[in-house]
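Colleague: Structure here, sequence nowhere to be found:
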């Protein structure tokens, strides 16, 4: 914009001298001046459009990519699946529908191989779907324990089986309610029993060790040390934000610079489903974020039109995979026996917050859980702490004075 103004000033000066030029050259120079102005305007408009394109909301971009994937996957599914995906659009996210498509692709591949005599998946009809029995679906769940898709050999645990059954049920229910199949046999199939998994989280001393490792790089390999000086402030800010607020990895990756407000130590996150929420952070988290933003201010390589808060070494918005890798890199140094992921850091925060407040509802609100029972299940039953507290309650050898 500044360059554009300078050009116009220079052109005005030239135009003043232009009035003194002989009339036979005025028309030629007039055309030349207007051509230059037009090129400046076109250049400015191109830069503006590129800037706006780069500033497109992260969640909008992710949503559009998911929609493109859904469209591509529908080409591999029976024709009626498009009606089902469209029918649930108003009550599901694009990511949910994408996962449905992945699940249905496996389901119809199974039907083609095991039930419909190698019938092409695209040729499967609603009549074929109506012929599927509850026993067929139970066989499908068993098949998922050890199956091949393409050239890959895969296996689903009980939770993955339950999710795929939920997808199949949704599809059968949709077409049954529409009157396009006579019976919904999927409703007869029991959900696989889900065993409770022990919550893995970091202890207080491990939290301190994790942040120290990110800050000073102790224990990193020689290869990792080479990059550490460039990323340590960013990595410390990311880990501190996880451990100090409990946000999801998608929420962290989607943060933009303007989402942070240091006047009241708050920031805006986009929750599951697209709803936005204002969360607050401590001074400790604020110090880590301030240090990272100060480093960004001093880096001339950061593009002016890049609005993402956390950047990769390529000066683009950091990816979910990159964040997962950096958490794994530091966590395996301080706690090699625990498989620590960004979600485990979220669990660490949730557990710590419940210990301090004893309020399951505020924990659910801060973590963005729609159902407080989800929070209660994960954070209220801190069984390991209870085990420790009773370890010395039973005394085996008592003295005469006892």
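Modeller: That came in fine, so what should we check first? Bear in mind the structure is a predicted one, so any value in this text is a computation, not a measurement.
Colleague: Residue 228 contacts residue 217, doesn't it?
Modeller: Yes - using CB atoms under 8 Å, residue 228 is in contact with residue 217, at 4.2 Å. Just so you know, the C-beta spots here come from the backbone N, C-alpha and C atoms, and that holds for glycine as well.
Colleague: Residue 297: neighbour count?
Modeller: Per other CB atoms under 10 Å, the neighbour tally for residue 297 reads 9.
Colleague: distance of it from residue 346?
Modeller: Going from residue 297 to residue 346 by CB to CB, to the nearest Å gives 29 Å.
Colleague: what's the answer for residue 59, then?
Modeller: Counting by CB to CB - residue 59 and residue 346 are separated by 19 Å.
Colleague: Residue 240 reaches residue 211, doesn't it?
Modeller: Yes - between residue 240 and residue 211 there is a contact under CB under 8 Å: 6.4 Å.
Colleague: Look at those two and report which has more neighbours.
Modeller: residue 240 (25 against 20).
Colleague: ok, now which ones touch the nearest residue to that one once chain neighbours are set aside?
Modeller: Leaving aside its sequence neighbours, residue 240 sits nearest to residue 288 (CB to CB, 6 or more residues apart in numbering; 3.9 Å). Residues near residue 288 by CB atoms under 8 Å, 6 or more residues apart in numbering: 236-237, 240-241.
Colleague: let's go with 6 Å and repeat that
Modeller: 236-237, 240 (CB atoms under 6 Å, 6 or more residues apart in numbering).
Colleague: ok, now residue 289?
Modeller: Neighbouring residues of residue 289 by CB under 6 Å, 6+ apart: residue 237.
Colleague: what does the average pLDDT come to for the helix or strand where it lies?
Modeller: Here residue 289 sits within helix 283-297, counting by DSSP states H and E. Helix 283-297 carries an average pLDDT of 96.
Colleague: ditto for stretch 317-331
Modeller: Mean pLDDT, stretch 317-331: 96.
Colleague: which parts of it are buried?
Modeller: Within stretch 317-331, the residues that count as buried by 16 or more other CB atoms under 10 Å are 317-318, 322-323, 326-327, 329-331.
Colleague: what does that stretch rub up against?
Modeller: For stretch 317-331, contacts defined as CB under 6 Å, 6+ apart pick out 210, 213-214, 235, 249, 253, 308, 310, 312, 340, 342.
Colleague: Most neighbours of all the residues you listed, which one?
Modeller: Among the contacts of stretch 317-331, the one with the most neighbours (other CB under 10 Å) is residue 214, at 29 neighbours.
Colleague: Name the SS class of it, please.
Modeller: Assigned with DSSP: H, G, I helix; E, B strand; the rest coil, residue 214 falls in the helix class.
Colleague: need the contact list for it.
Modeller: If you count contacts by CB under 6 Å, 6+ apart, then residue 214 has 235-236, 239, 330 around it.
Colleague: Return the member of these nearest to residue 115.
Modeller: The closest of the contacts of residue 214 to residue 115 turns out to be residue 330 (CB to CB; 48.1 Å).
Colleague: Please identify the helix or strand for the closest one.
Modeller: Using DSSP H and E, residue 330 maps to helix 320-334.
Colleague: C-terminal to that helix, what's the next element?
Modeller: helix 342-357.
Colleague: what's the spacing between the helix or strand following that following helix and its chain's center?
Modeller: Next helix or strand after helix 342-357 toward the C-terminus (DSSP H and E): helix 360-367. Its chain's C-alpha centre and that of helix 360-367 lie 20 Å apart, by CA atoms, centre = their mean, to the nearest Å.
Colleague: Same question for stretch 83-102.
Modeller: The chain centre lies 18 Å from the centre of stretch 83-102; the measure is CA atoms, centre = their mean.
Colleague: Show me which positions of that stretch end up buried.
Modeller: Of the residues in stretch 83-102, those buried (16+ other CB under 10 Å) are 84-85, 87, 92, 94-101.
Colleague: Specify the local secondary structure of residue 105.
Modeller: At residue 105, secondary structure determined by three-state DSSP is helix.
Colleague: cool, residue 78 as well?
Modeller: Under three-state DSSP, residue 78 comes out as coil.
Colleague: I'd assumed residue 123 was in contact with it.
Modeller: No - using CB atoms under 6 Å, residue 78 is not in contact with residue 123; the gap is 7.7 Å.
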